[in-house]
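S.K.: coords please:
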Amino acid sequence: MSSDDVTDQAADGPRRRDASATRRALLLAARTRFTRLGYDRTTLRDVAADAGVNLALIKRYFGSKEGLFKAALASTPRFLGGESGFPRGRAALAEALSRQLAAGAWTEFGEHPVLMLLRDSGDEQVAELRRRALAEFGRQVLEASGAAPGPDAELRAELLVALGVGVAVVRSAVGLRPLADATPEDLLGPLRDVVEGLLRPPPGQPLPRAGHSGQAESLTTSTKSPRRKPGT
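M.R.: Sure thing, here's the model as predicted:
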C-alpha cells in the first residue's frame, strides 16, 4: 500500500489520494489500538501500519498522539441508537443495552469501545473529554428512559452507565462466565429488571405523553393483561 494517503483507483487509470479515507482508516486503527492496549501502549507507528499509511500523516491530520486520541474519542460510536434508532422508553432502552453489552457486539474493536474511556493518558484535556463522553452516555440513558431530569434521575442514569462499563471491564479483564458469553437474549431479562428498578418514575409522577421524545412505558404493565372484574 502507498505510504501516502489511502488511494483509490480512478476509472481512467491514475490513482488519486483520498484524505477523508485516510482519516477514517487512522481513526478506526487508533480506536482499536486504544481500546485494546490503552493510551501508553499504543504507538503511532503501529496505528499507521494498521491503517496502511505513512506515519507522517498522523501528524498532518491530528498533530500528535494526544490529538489522535482526542479525535478517536470524539468519533467513538454512539452509545445508544445506531442502525436500530435511538430507543424510546424503558423497554426499548433495555433492549438497546442488551445488544450493546452482549458478547461479540463490537467485533471491529475486539472489545467494547467504552474501555477506551477508562485508559488514563495523563493529559488533563483528554481526561476532560473522557468525563464528558461518560456524562453524555448518562444523558442518553436519561433521555431514552423518559425520566424527568434532576439530580436523582441523573445519578440513577449514571449508575446504569457504570453497570455497562463494569460489564465491559469484567468481560475484558476477567472473562467471567456466564457473563462473558452472554447473548442479547440472555441479558434482556436482567437488564429489564435493572432499568425498571432504577428509572421507573416514582409513585404519583405522571408518565410522559406518548409521542414525546422522552416517551416511557412500563416494562411490566406492557406485558400484563388487564385485571378482570369478578364474573366477567
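
S.K.: pull the CA atoms of the host helix or strand of residue 26 into CSV?
M.R.: Using DSSP states H and E, residue 26 maps to helix 19-41. C-alpha atoms of helix 19-41 as CSV (Å, rounded to 0.1, in the frame of the first residue of the first chain):
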residue,chain,number,x,y,z
ALA,A,19,-7.6,12.3,2.5
SER,A,20,-11.0,11.6,4.1
ALA,A,21,-10.4,7.8,3.7
THR,A,22,-7.0,8.2,5.3
ARG,A,23,-8.6,10.0,8.3
ARG,A,24,-11.2,7.3,8.7
ALA,A,25,-8.6,4.5,8.4
LEU,A,26,-6.4,6.2,11.0
LEU,A,27,-9.3,6.7,13.4
LEU,A,28,-10.5,3.2,13.1
ALA,A,29,-7.0,1.8,13.7
ALA,A,30,-6.5,4.2,16.6
ARG,A,31,-9.8,3.4,18.3
THR,A,32,-9.0,-0.3,18.0
ARG,A,33,-5.5,0.1,19.5
PHE,A,34,-6.5,2.5,22.2
THR,A,35,-9.4,0.2,23.2
ARG,A,36,-7.3,-3.0,23.3
LEU,A,37,-4.0,-1.6,24.6
GLY,A,38,-4.7,1.7,26.3
TYR,A,39,-3.0,5.0,25.7
ASP,A,40,0.5,4.3,26.8
ARG,A,41,1.0,1.0,25.0
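
S.K.: mind giving me the packing neighbours of it?
M.R.: helix 44-51, helix 56-62, helix 65-74 (3 or more Cβ pairs under 8 Å, 6 or more residues apart in numbering; DSSP states H and E). The way it works is simple: take the backbone N, C-alpha and C, and place the C-beta from them, glycine included.

S.K.: helix 65-74 and that one, what's the angle between them?
M.R.: Comparing the axes of helix 19-41 and helix 65-74 via axes from the mean of the first three to the mean of the last three Cα atoms, to 10 degrees yields an angle of 110 degrees.

S.K.: buried residues, helix 19-41. List them.
M.R.: 22-23, 25-36, 39 (16 or more other Cβ atoms under 10 Å).
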